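Asks: sequence first, predicted coordinates after that:
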Amino acid sequence: MTMSDRTGNAETRGGGLFAGPERLEPLGVLGRGIRAGEPEALKVSDADRLRGCLRALDGAGARRYLELTHTLNGFMAAIAGELLLRWPLFAQDRSGPAAARAAAEEAFARWQRAAGGSAALREDDGAALRFMEQLLAPERLMPPAVETYLRQQTDREPNLVSELMRVPQAKFEAIVAHLDARAFDAAAVEFESYLRACRVRHDLLFRYIWEWGVAVRKQMGPAAAVEAFQAALGGCSFFEATWGLFHALDPEARAAFLAEHLRSHFSGAGREGAVRVVEESDRYRLIFEPCGSGGAIRRALAGTQEGQDALLPDAVPATWGRAGEVPAYCSHCALNELESMKRYGYPLWVTEFDPDPAQPCGWTVFKKPAEIPERYFERLGFRKP
C-alpha cells in the first residue's frame, strides 16, 4: 500500500479513487487516508490486507492497516454507544420516566436472551457479554447518561465507549509492540484476538439498538419506533458534521467513504469487513453480503418470531413504502435518505433493500442527481424535481 497526496475533489484526483493500484489515499476533508484502487482489490477486507502484510513481513504496511482498522473500530463504537444512550432519552421525553424505564428493561431482557444464545458468542470469551451486561444495564442508560457521556468525552475522561474498547485498545497496543519488535507471528495471533474482541462488541452494541427498536415498537407503537430512530440519530453529536462531510465529498469519494463505513460494520461473508464496489456509467454500487448490522441480524432471525416482531407493519416513507418487510432497525437507512432529501433535495445515496434476508442489500451513489431514477423519490413520498 502506497501513500499519495490527493483531495476529495474528483477534478484533482487523476485516475480517481477506483483506479490504479491499491493505496491509502489521503483525503483532505477527512483529515486521514482512505483505501483506494481497483474495485477488485478493494473488495478484500482490511483484515485480510493486514494478514497479507504480516505474512510478507511488511511491518510498515501492517501498521498502516492496523491504525486504519483501529480508528474505524473506535468510530463505530462511538456511534453505537451514543446512539444507544439516546433511546431512553427519547422514550422519557415522549412518554415519561416510567414508560422509558419499562422500554429499557424490555430492550435489555431481549438483548440478554439474544446475546446468550448467539453462536458467535459461544465461540468467544463470554467475559465481553458479562462486562457489557453490567456497563449497559437499564439504570446506567437512563437520562442524564448521554449528557454525562458527552461531558466525559469532551473532557477526555473515561466514559462508556472508552470502557467498552478497553480490551481492544490493550490488544491494539500489544500488536504495535510486536510489530516494533518484528515479531510477526505473535502480532498475527494477537490481531485475530483483537479482531474478535472488536467484532463481538460491535455485534452486541448493534443488537442492543435493534432490540430497543423492537421494545419501543411493542410498547409505544410502530410510528414511535421510527420517531425514536429519527430522534436518536438527529440528536447525536456526530450528526451535523457527518452530513456536512457526506455533502462535501464528490460521488466517487462518497462511495469510497461509505464502503469504508460498511467494512467497519464487519460486513460481508465471514463477517470480515468485505464490500464489493461496482462502478457503472451513472453510479457506484456497494454490495454487502450481508450488511454487518441489520443484514447480519436479519439472517440470524430469519423464519423466527423474533424476526417478525421487528418488522414495521405500515407502508410509510421510513419503510420505502413496504408493509411488514422492513425491521425498525433498518428504517434508519430510509431515514438517512429522507434527511438527505430535506437538506439537499435528493438522496446522496440510496439503499437497495431486499426483503429476503438471504439476499444482499446495497447502497448506490449516483454520479449526478439528475440521473437518480424517479422511483427512489416516490418511495420516500416525493416527486423528482
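Replies: Yep, it's here. All values reported here derive from a predicted model rather than from experimental measurement.
Asks: got the contact list for Trp111?
Replies: Leu204, Arg207, Tyr208, Glu211 (Cβ atoms under 8 Å, 6 or more residues apart in numbering). The way it works is simple: take the backbone N, C-alpha and C, and place the C-beta from them, glycine included.
Asks: so the third one is in contact with Ala104, correct?
Replies: No: taking contacts as Cβ atoms under 8 Å, Tyr208 lies outside contact range of Ala104: 10.6 Å.
Asks: low pLDDT regions in the stretch 151-300 of the chain?
Replies: Within the stretch 151-300 of the chain, no stretch has pLDDT under 70.
Asks: Ala109 in helix, strand or coil?
Replies: Of the three states, Ala109 takes helix under DSSP: H, G, I helix; E, B strand; the rest coil.
Asks: I'd like to know how many residues surround it.
Replies: Residues within reach of Ala109, counting by other Cβ atoms under 10 Å, total 13.
Asks: so what pLDDT did it get?
Replies: Ala109 carries a pLDDT score of 95 in this model.
Asks: list the contacts of it.
Replies: Counting by Cβ under 8 Å, 6+ apart, Ala109 makes contact with nothing.
Asks: from Met142, how far out is it?
Replies: Noted for Ala109: a distance of 16 Å to Met142, by Cβ to Cβ, to the nearest Å.
Asks: which of the contacts of Trp111 has the most neighbours?
Replies: Ranking the contacts of Trp111 using other Cβ under 10 Å puts Glu211 first, with 27 neighbours.
Asks: give the next helix or strand downstream of the strand or helix carrying that residue.
Replies: Element membership for Glu211, per DSSP states H and E: helix 184-220. Counting by DSSP H and E, the element after helix 184-220 in chain order, helix or strand, is helix 222-235.
Asks: how about that following helix as PDB, C-alpha atoms only?
Replies: Provided in PDB are the C-alpha atoms of helix 222-235 (Å, rounded to 0.1, in the frame of the first residue of the first chain):
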ATOM      1  CA  PRO A 222     -44.600   1.400  15.100                       C
ATOM      2  CA  ALA A 223     -44.700   5.100  14.500                       C
ATOM      3  CA  ALA A 224     -42.800   5.700  17.800                       C
ATOM      4  CA  ALA A 225     -40.100   3.200  16.800                       C
ATOM      5  CA  VAL A 226     -39.400   5.300  13.600                       C
ATOM      6  CA  GLU A 227     -39.600   8.600  15.600                       C
ATOM      7  CA  ALA A 228     -37.200   7.100  18.100                       C
ATOM      8  CA  PHE A 229     -34.600   6.300  15.400                       C
ATOM      9  CA  GLN A 230     -35.100   9.700  13.900                       C
ATOM     10  CA  ALA A 231     -34.700  11.500  17.300                       C
ATOM     11  CA  ALA A 232     -31.700   9.300  18.300                       C
ATOM     12  CA  LEU A 233     -29.800   9.900  15.100                       C
ATOM     13  CA  GLY A 234     -30.700  13.600  14.900                       C
ATOM     14  CA  GLY A 235     -29.600  14.200  18.500                       C
END
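Asks: what lies in contact with it?
Replies: Contact with helix 222-235 is made by 83, 86-87, 89-91, 93-94, 146, 212-214, 216-217, 220, 239, 312-314, 316, 318, 328-329, 331-332, 335-336, 339, as judged by Cβ under 8 Å, 6+ apart.
Asks: having no further points to raise, I will conclude here.
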